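Novice: Sequence plus the predicted model coming up.
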Amino acid sequence: MSMNAETSMEVIQKKEKTLEKKSFFRRILEAREFSLILILAVIVAALTLSTDTFASSANLTVMLQGMSVDMIIAVPMAISLVAGNIDFSVGSNLALSSLIACMAMNNGASTITGMLIGLVSGILLGLLNALIINKFRITPLVATMGTWMAYKGLALVISSGSTVANLPDGFKSFGRAKLFGIPLPIVYMVCVVILGMFVLKYIDFFNRAYYIGGNQASARLAGMNTELFTYVSYGLTGFMSAFAGLVLAARLGAVSQSAGSGLEFRNVVALLIGGVSMDGGEGTIFGAVLGVTLMQIVNNSLVLLDINPSWTQVITGSILVLSIAIDKASRMKKSAR
């Protein structure tokens with residue numbers, strides 16, 4: 001090979017490496033997670049400078065405990081949504097399953113038995129969603145909006161609109177105790193996030209969510225049991241909704257039919273912000289974590305800045321519409337390439 005040919009090859013290789021580097025950095029800059037980290041950094045810096053309490057350990061602990069329930073449910077919701085299965089019933093599932101558990105404890109059941117009853121109830125409520133979707137071919141959005149209202153109504157009926165309190169001390173420690181000085185709800189949240197990241201990336205069954213969400217018909221032709229995945233994902237979401245409900249009831253020492261109210265909308269907004277697509281096939285647990293964190297910081301900032309809490313719904317609704325618009329625009333841009 002001549003010297004000119006060797007020089008040309010070296011030039012080409014250098015150009016290819018440069019393009020790879022540009023492509024890598026471009027992917028980072030285009031990633032939703034990167035944008036969210038920048039937004040969070042700006043908001044945190046602004047709140048730290050404008051208030052005396054935002055960065056305090058007391059406020060951070062309150063904020064982390066406050067977001068623990070949303071985060072615990074957001075992880076399985078993200079896995080389901082990646083597969084194209086949205087779940088709007090999580091908030092009412094939380095209320096109904098935790099009410100069932102706490103009422104069982106107040107009627108003589110042991111703490112362990114009562115908690116197991118609540119967790120099984122949550123799983124069954126989640127599986128009912130999957131059954132409706134699989135057998136009646138109703139879209140997940142419509143199906144879970146229906147069960148959201150039904151579960152909410154059932155919670156009101158069985159509680160007669162009253163708060164269930166006087167819970168066993170052993171149960172309350174489940175949400176109030178600390179591990180190495182860290183409140184248990186925060187510990188639960190961190191464990192669920194780590195486990196969610198692991199299973200979605202490394203467990204083949206859950207990793208199929210990307211293929212199912214990308215094209216369900218093709219996934220079926222490839223031999224994937226999409227109906228089984230629907231049952232497992234909704235059952236898991238139901239289980240984690242019940243678990244989060246028990247954590248909340250234990251921490252507060254009481255539960256009512258309004259527990260978890262608005263959680264489903266907050267989490268859907270958080271997932272969309274975090275890059276989990278409404279159409280399925282895209283999203284990460286890390287993105288979901290960033291989305292939930294952003295929503296919690298927004299809510300916390302309204303309190304610290306003494307802004308009317310009613311604005312929370314206005315802001316959440318506005319962010320929801322904007323997130324859906326961005327998601328749709330992103331999908332259209334990718335399909336056009």
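Specialist: Right, received. Where do you want to start? Residues are numbered from 1 along each chain as shown.
Novice: all strands of the stretch 151-300 of the chain, in order?
Specialist: Under the criterion DSSP state E, counting those that start in this stretch, the stretch 151-300 of the chain contains strands at 178-179, 182-183.
Novice: Determine which stretch of those strands is the most buried.
Specialist: Counting by mean count of other CB atoms under 10 Å, strand 182-183 has the highest mean neighbour count of those, with a mean of 16. C-beta here means a position set from N, CA and C on the backbone, and glycine is covered the same way.
Novice: quick one, which of the strands of the stretch 151-300 of the chain is nearest to residue 288?
Specialist: strand 182-183 (21.5 Å; CB to CB).
Novice: Contacts for the closest one, please.
Specialist: Residues from elsewhere that reach strand 182-183, judged by CB atoms under 8 Å, 6 or more residues apart in numbering: 61, 64, 65, 176, 177.
Novice: of all those, which two lie farthest apart?
Specialist: 64 and 177 (15.5 Å).
Novice: Neighbour count for these two, which is higher?
Specialist: The neighbour comparison of residue 64 against residue 177 (other CB atoms under 10 Å) goes to residue 64, with 18 against 12.
Novice: Tell me the confidence at that one?
Specialist: We have a pLDDT of 94 for residue 64.
Novice: So, low pLDDT: which residues of this structure?
Specialist: 1-31, 327-328, 330-331, 333-337 (pLDDT under 70).
Novice: which residue is nearest the centroid of it?
Specialist: Note on the chain: the residue nearest the mean C-alpha position is residue 74, at 1.2 Å, using CA atoms, centre = their mean.
Novice: Now do stretch 48-68: distance from first to last residue.
Specialist: Taking CA to CA, to the nearest Å, the first and last residues of stretch 48-68 lie 22 Å apart.
Novice: ok so, going back, identify whichever of the strands of the stretch 151-300 of the chain lies nearest to residue 141.
Specialist: Across these, residue 141 has its closest neighbour in strand 182-183 (34.7 Å, CB to CB).
Novice: so what strands line up beside that closest one?
Specialist: strand 178-179 (antiparallel) (DSSP bridges).
Novice: Contacts for stretch 159-179, please.
Specialist: Stretch 159-179 has contacts (CB under 8 Å, 6+ apart) with 99, 102-103, 105-106, 111, 114-115, 183-185, 187, 246-257.
Novice: rewinding a little: which member of the contacts of strand 182-183 is positioned nearest residue 40?
Specialist: Here the nearest of the contacts of strand 182-183 to residue 40, counting by CB to CB, is residue 64; it sits at 14.3 Å.
Novice: ok, back up a step: go ahead and confirm the residue nearest to the centre of the chain touches residue 267.
Specialist: Yes. Counting by CB atoms under 8 Å, residue 74 does reach residue 267; the two are 4.9 Å apart.
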